[in-house]
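Novice: Provide a 3D model corresponding to the input given below.
(one chain, ligands or ions: 2)
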Amino acid sequence: MTTAAIIVAAGRGTRAGGDLPKQWQILAGIPVLAHTIAAFAGRVDRVILVIHPDDRARAAGFGLPMVEGGATRAGSVRHALDWLEGQGVTKVLIHDGARPLVSGAVIASVLQALDTSTGAAPALPVTDALWRGEAGTVTGTAPRDGLWRAQTPQGFRFAEILAAHRAHPGGAADDVEVARWAGHAVTIVPGDEDNMKLTYPQDFIRAEKILKGRDMDIRLGNGYDVHAFTTGDQVWLCGVNVPHDKALLGHSDADVGMHALTDAIYGALAEGDIGVHFPPSDPQWKGAESHIFLRHAMGRVAARGYRIANCDVTLVCERPKIGPHQAAMRAALAGIMGVDMDRISVKATTSERLGFTGREEGIAALATCALVRA
Ligand SMILES: Nc1ccn([C@@H]2O[C@H](COP(=O)(O)OP(=O)(O)OP(=O)(O)O)[C@@H](O)[C@H]2O)c(=O)n1
Ligand SMILES: C[C@](O)(CO)[C@H](O)COP(=O)(O)O
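Specialist: Ligands and ions are numbered 1, 2, ... in the order given. So this is what the prediction gives:
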């Protein structure tokens with residue numbers, strides 16, 4: 001059994017306004033879509049992102065398969081279902097990228113209901129009285145009995161929802177409508193008031209408040225790296241080229257500071273180290289610029305729904321002198337990581353001429369990193 005989640009995020013969010021489509025706007029320090037993706041981590045076997053072609057570069061950092069969206073939500077879902085065909089998926093969840101606060105409990109209920117039903121979706125009963133109105137005046141009332149407010153993820157047996165979407169004439173508000181049109185029963189599972197869809201600007205304020213009320217998850221990681229000196233006239237340290245009477249030896253550009261920092265980030269996520277993601281045995285990483293590794297680690301941070309609280313790097317060497325380059329190093333790292341410079345510290349110490357660093361045989365670097373998720 002393979003489960004997949006399709007996260008539709010190709011809309012333009014016109015009702016939400018703002019400089020960016022709503023799924024890319026920042027909510028509690030990270031993009032809305034990063035929250036949404038993090039909610040599915042570890043709960044399904046595969047996650048597929050449906051994005052607008054203009055957002056390809058922005059979305060690449062998540063490291064997930066990407067499918068181009070359609071002109072409508074249903075079109076976007078259809079593209080992803082077509083893409084998943086033949087990949088052994090038996091259950092598929094279809095979720096709005098604009099619902100970042102979906103809980104693990106809601107996702108689990110939908111998946112569980114699919115054991116006995118072709119379709120399942122979360123919803124909340126309508127509890128307020130319903131009126132009709134015109135020009136600001138109540139013109140009638142409507143019974144609320146049996147009415148539900150639909151949420152996502154809406155889950156289905158894969159083959160059935162793919163066939164239903166292919167046959168549907170279009171114009172459906174959601175995937176439950178498509179499934180029902182094709183004759184499939186859809187089970188209602190309990191929704192969650194917090195599983196709101198960000199639709200209007202004021203929804204962001206409510207979502208921020210909900211997130212503030214949740215427990216904060218903090219993770220710490222450390223990293224340590226050493227590179228030996230060889231002949232040369234420059235070294236790369238924390239993204240800055242420093243003139244020196246030696247060079248650092250390594251499979252990549254040997255930026256010992258950036259390597260320690262990257263390992264600290266992987267460590268905080270409990271996702272191994274640089275060697276796991278970029279094996280030295282693989283010739284494609286020979287001479288690689290270290291920002292590739294750091295950007296990858298930051299993509300993993302975003303994909304897991306975390307953000308950087310702060311990082312601290314210590315370089316251990318007698319020479320070159322780090323002080324004159326410290327500000328440039330902090331700026332370089334902050335630029336690569338997309339965080340404010342005041343969250344990045346770079347400092348240096350000598351080892352009082354003791355050991356391999358004291359004998360100027362190489363440079364060592366230590367790094368600590370703290371990640372937070374609301
Ligand atoms: N062509 C489209 C339209 C919508 N969506 C996605 O479907 C979800 C729910 O749609 P909605 O809230 O209507 O989003 P938008 O279409 O972006 O919003 P608006 O109608 O305000 O422009 C969103 O995650 C949105 O990105 C999509 O993937 N492809
Ligand atoms: C799918 C959906 O989220 C169910 O509530 C909703 O129908 C999509 O958003 P829209 O605002 O109706 O386009």
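Novice: which strand residues bridge the residue nearest to Asp253 when sequence neighbours are not counted?
Specialist: Closest residue in space to Asp253, ignoring its immediate chain neighbours: Trp236 at 4.9 Å, by CB to CB, 6 or more residues apart in numbering. Where C-beta positions appear, they are placed from N, C-alpha and C, glycine not excepted. Beta-bridge partners recorded for Trp236 (DSSP bridges): Asn241.
Novice: Trp236 and Asp282, how far apart?
Specialist: 20 Å (CB to CB, to the nearest Å).
Novice: how about Gly362?
Specialist: From Gly362 to Asp282 the distance is 24 Å (CB to CB).
Novice: who's more crowded, these two?
Specialist: Ranked by neighbour count (other CB atoms under 10 Å), Gly362 and Asp282 place Gly362 first, with 20 against 10.
Novice: follow-up on the earlier one: can you pull the pLDDT of the residue nearest to Asp253?
Specialist: The model reports Trp236 with a pLDDT of 97.
Novice: list the contacts of it.
Specialist: Contact analysis of Trp236 by CB atoms under 8 Å, 6 or more residues apart in numbering lists 242, 248, 253-255, 258, 290.
Novice: relative to Tyr200, which of those residues is nearest.
Specialist: Among the contacts of Trp236, Met258 lies closest to Tyr200 (CB to CB), at 41.8 Å.
Novice: what's the helix or strand for the closest one?
Specialist: helix 256-269 (DSSP states H and E).
Novice: chain center to the helix or strand that that helix is followed by, what's the gap?
Specialist: Note on helix 256-269: by DSSP H and E, the next helix or strand toward the C-terminus is helix 274-277. Remark: helix 274-277 is offset 19 Å from the chain centroid, using CA atoms, centre = their mean, to the nearest Å.
Novice: list the buried residues for helix 274-277?
Specialist: 274, 277 (16 or more other CB atoms under 10 Å).
Novice: the residue in the stretch 1-150 of the chain that ligand 2 sits nearest to and ligand 1, how far apart?
Specialist: Using CB to the nearest ligand atom, Ala150 is the residue of the stretch 1-150 of the chain that sits closest to ligand 2, at 4.1 Å. From Ala150 across to ligand 1, the span is 11 Å (CB to the nearest ligand atom, to the nearest Å).
Novice: right, and that residue touches Asp174 too?
Specialist: Yes: assessed by CB atoms under 8 Å, Ala150 is found in contact with Asp174 at 5.9 Å.
Novice: give me the common contacts of those two.
Specialist: Residues touching both Ala150 and Asp174 (CB under 8 Å, 6+ apart): Ala121.
Novice: as PDB, could you dump the C-alpha coordinates of the longest strand along the chain?
Specialist: In the chain, with assignment by DSSP state E, the single longest strand is strand 217-230. What follows is strand 217-230, C-alpha atoms only, in PDB (Å, rounded to 0.1, in the frame of the first residue of the first chain):
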ATOM      1  CA  ASP A 217       9.400  22.800  19.100                       C
ATOM      2  CA  ILE A 218      13.100  23.600  19.400                       C
ATOM      3  CA  ARG A 219      16.000  21.500  18.000                       C
ATOM      4  CA  LEU A 220      19.700  21.900  18.400                       C
ATOM      5  CA  GLY A 221      22.500  20.500  16.300                       C
ATOM      6  CA  ASN A 222      26.300  20.700  16.300                       C
ATOM      7  CA  GLY A 223      28.900  20.200  13.600                       C
ATOM      8  CA  TYR A 224      32.600  19.800  13.500                       C
ATOM      9  CA  ASP A 225      35.000  19.700  10.600                       C
ATOM     10  CA  VAL A 226      38.700  19.800   9.800                       C
ATOM     11  CA  HIS A 227      40.600  20.400   6.600                       C
ATOM     12  CA  ALA A 228      44.400  20.200   6.200                       C
ATOM     13  CA  PHE A 229      46.500  22.800   4.500                       C
ATOM     14  CA  THR A 230      48.100  22.300   1.200                       C
END
